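> Model the following, please.
(one chain, ligands or ions: 1)
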Amino acid sequence: MILPIVAYGDPVLRKVAKDITQEYPKLEELITNMWETMYNAHGVGLAAPQVGLPIRLFVVDTAPFGDDEELDKEEQEQLKGFKKVFINAKIEAENGKEWDFNEGCLSIPDIREDVKRKPEITIQYMDENFVSHTETYDGLLARVIQHEYDHIEGILFTDKLSSLKKRLLKSRLDKISKGKIDVEYKMKFPNIKKGR
Ligand SMILES: [Zn+2]
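Predicted coordinates:
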């Protein structure tokens, strides 16, 4: 089932999300719905707060980046095959010199900006079977995971922009929260009574 994606301005996007247990109600169904919702919106990641749930769960499938000709073959192959569920994730380390990448977000349609992040992360998480993993990622994979991880910490990519950029974007962000935007997928807007 495709779920409405919560738009910028909704308080759920600002919560530090909580860990869950294997007993979380209908977890399998939720994960299935999150995949469906993400693919329908042509995203490469989706975090539970974006469907209104302040829990530490996000999904990532970087396959669309696998066709990016600017990347080397090895990274293309890695991105093509990367599809994972992250539960109760904790980033343990971030290393290297910050680099810019043009990011967007399904909760903030039509806005894309360069965001600085460190290139390498080590993350501990559980998969959908609650098996614990600790892994190190770099490049675009790390980038997508960092973006989704921020969602479960209540952080949005626009928070990372300069104060000038934020001022310039303010009216567009207000419009998004009011639903004054054309978007191809189902959304829920905080500042109007009814979604559409
Ligand atoms: Zn996002």
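> what bridges to residue 117?
Taking DSSP bridges, one finds residue 99 as the beta-bridge partners of residue 117.
> neighbours around the closest residue to residue 172 other than its chain neighbours, how many?
Nearest residue to residue 172, sequence neighbours excluded (Cβ to Cβ, 6 or more residues apart in numbering): residue 111, at 6.2 Å. To be clear about C-beta, it is placed using only N, CA and C from the backbone, and glycine gets the same treatment. Each residue near residue 111 was counted by other Cβ atoms under 10 Å, and the total is 17.
> check contacts around residue 111.
104-105, 158, 169, 172-173, 176 (Cβ atoms under 8 Å, 6 or more residues apart in numbering).
> What about those, which are in strands?
104-105 (DSSP state E).
> could the contacts of residue 111 be laid out in a markdown table, adding distance to residue 126?
A markdown table is the format used below for the contacts of residue 111 (distance: Cβ to Cβ, whole Å):
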| residue | distance to residue 126 |
| --- | --- |
| 104 | 27 |
| 105 | 24 |
| 158 | 29 |
| 169 | 35 |
| 172 | 37 |
| 173 | 33 |
| 176 | 32 |
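> returning to what we had before: can you give me the offset of the strand or helix carrying the residue nearest to residue 172 from its chain's centre?
Assessed by DSSP states H and E, residue 111 sits inside strand 108-117. Offset of strand 108-117 from its chain centre (Cα atoms, centre = their mean, to the nearest Å): 12 Å.
> what's downstream of that strand, the next helix or strand?
Next along from strand 108-117, by DSSP H and E: strand 120-126.
> Which elements pack onto that following strand?
strand 83-95, strand 132-138, helix 139-152 (3 or more Cβ pairs under 8 Å, 6 or more residues apart in numbering; DSSP states H and E).
> Can you pull up the most central residue in this protein?
Per Cα atoms, centre = their mean, the C-alpha nearest to the average position across the chain is that of residue 148, at 3.2 Å.
> what's that residue in contact with, if anything?
45-47, 58-60, 86.
> State the distance from it to residue 45.
Using Cβ to Cβ, to the nearest Å, one obtains 4 Å as the distance from residue 148 to residue 45.
> Which neighbours do these two have in common?
Both residue 148 and residue 45 are in contact with 58-60, where contact means Cβ under 8 Å, 6+ apart.
> want to throw those into CSV with secondary structure and pLDDT?
Output for the shared contacts of residue 148 and residue 45, formatted as CSV (DSSP: H, G, I helix; E, B strand; the rest coil; pLDDT from 0 to 100):
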residue, secondary structure, pLDDT
58, strand, 98
59, strand, 98
60, strand, 98
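> Now those residues in a markdown table, please, with extra columns for neighbour count and distance to residue 66.
As requested, those are arranged in a markdown table below (neighbours: other Cβ atoms under 10 Å; distance: Cβ to Cβ, whole Å):
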| residue | neighbour count | distance to residue 66 |
| --- | --- | --- |
| 58 | 28 | 20 |
| 59 | 22 | 17 |
| 60 | 21 | 13 |
